[in-house]
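>>> Take this sequence and fold it.
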Amino acid sequence: MKKVLTIAGSDCSGGAGIQADIKTITVHKMYAMSVITALTAQNTTGVYGIRETDAEFVAKQMDCVFTDIRPDAVKIGMIPNEKIIRVIAEKLKTYQVQDVVLDPVMISTSGSRLMSKDAQEALKEELFPLAAVVTPNLMEAEALCGFSVSTPCEMERAAEKIACYGSGAVLLKGGHLADGADDLLYEKGKYIWFSSKRIENPNTHGTGCTLSSAIACNLAAGYALERAIKNAKNYLTGALQDGLDLGAGSGPLNHMYRLPPFANGYPFR
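Predicted coordinates for the structure are as follows:
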């Protein structure tokens, strides 16, 4: 069985963060492990509190994972401060980790800032060079680049600039484009566009976490990056199209939409 580690914050409402990652990894029939960087008090209406994990304890969690059940791929999500970022980078180098998918979670879907500006700079300096692919959305791309990113031309310009921070690829997610929802992969000077129809579903809590985790699963399965992204996008599209509607705000996806219904009720009794 392939193993995937998620390093991220916890979402008590289950739609994003560690919880979304574990659901995604599990339905890909892989073994999920987690290193928790923060606890959040949040739900579909917003983020109401954050408790950061001690950097030393993050390091201890990583040591426990890598010295016992080594993952085949790693997804990194929310990291709240500079010290934790530097600890994670140190451990990734120590254990010579490959196939790292970095989702630079800086701003929540509801608009809450989840990372300090000092941490943002450390993220670019320490973790971007270690990632096989970085997956910012348009708001995160603007924060990283310092200019507006709202058109395909601006996305190409932003992807080039973000790529300069690391040695891997950049997947710039176009879900917030005014027209369409096309994503752009920039790798080794080459642009690859993934055309997508906008799915009319207001419930998008955890889409970024889900996509990056699904990419990590596909890399763990041995797929090349472009195919891994296509497969992950297909999975995310299905989860959105399922139309799950929970909560008073932007609700979560149905990560389990691929699971067949049980013919005779629940199977475990």
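
>>> Verify the assumption that Ala228 is located in a helix.
Yes: per DSSP: H, G, I helix; E, B strand; the rest coil, Ala228 lies within a helix segment.

>>> residues contacting the nearest residue to it once chain neighbours are set aside?
Using Cβ to Cβ, 6 or more residues apart in numbering and skipping the chain neighbours, the partner closest in space to Ala228 is Asn218 (3.4 Å). C-beta coordinates here come from the backbone N, C-alpha and C atoms, glycine included. Applying Cβ atoms under 8 Å, 6 or more residues apart in numbering to Asn218 gives the contacts His28, Arg227, Ala228, Ile229, Asn231, Ala232.

>>> Any chance of JSON lines for those residues, columns distance to Gly146 and neighbour count?
What follows is the contacts of Asn218, written out as JSON lines (distance: Cβ to Cβ, whole Å; neighbours: other Cβ atoms under 10 Å):
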{"residue": "His28", "distance to Gly146": "36", "neighbour count": "21"}
{"residue": "Arg227", "distance to Gly146": "33", "neighbour count": "13"}
{"residue": "Ala228", "distance to Gly146": "30", "neighbour count": "25"}
{"residue": "Ile229", "distance to Gly146": "26", "neighbour count": "25"}
{"residue": "Asn231", "distance to Gly146": "33", "neighbour count": "17"}
{"residue": "Ala232", "distance to Gly146": "28", "neighbour count": "26"}
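
>>> mind giving me a markdown table with those and columns for distance to Ala55 and pLDDT?
A markdown table is the format used below for the contacts of Asn218 (distance: Cβ to Cβ, whole Å; pLDDT from 0 to 100):
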| residue | distance to Ala55 | pLDDT |
| --- | --- | --- |
| His28 | 30 | 98 |
| Arg227 | 36 | 98 |
| Ala228 | 30 | 98 |
| Ile229 | 31 | 98 |
| Asn231 | 34 | 97 |
| Ala232 | 30 | 97 |
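
>>> just these now: which is nearest Ile50?
The shortest approach to Ile50 among the contacts of Asn218 belongs to Ala232, at 27.1 Å (Cβ to Cβ).

>>> Just give the number of residues close to the residue nearest to Thr44 when sequence neighbours are not counted.
In space, and not counting its chain neighbours, Thr44 is closest to Gly247: 3.2 Å by Cβ to Cβ, 6+ apart. Gly247 has 16 neighbours, counted by other Cβ atoms under 10 Å.

>>> Which residues in the lowest-mean-pLDDT helix or strand in the chain does the neighbour count mark as buried?
Least confident helix or strand, the chain: helix 117-122 with a mean of 89, by mean pLDDT, DSSP states H and E. Using 16 or more other Cβ atoms under 10 Å as the test for burial, helix 117-122 gives Ala119, Gln120, Ala122.

>>> and it, how far out from the chain's middle?
18 Å (Cα atoms, centre = their mean, to the nearest Å).

>>> now stretch 56-66
That offset, for stretch 56-66, works out to 20 Å (Cα atoms, centre = their mean).
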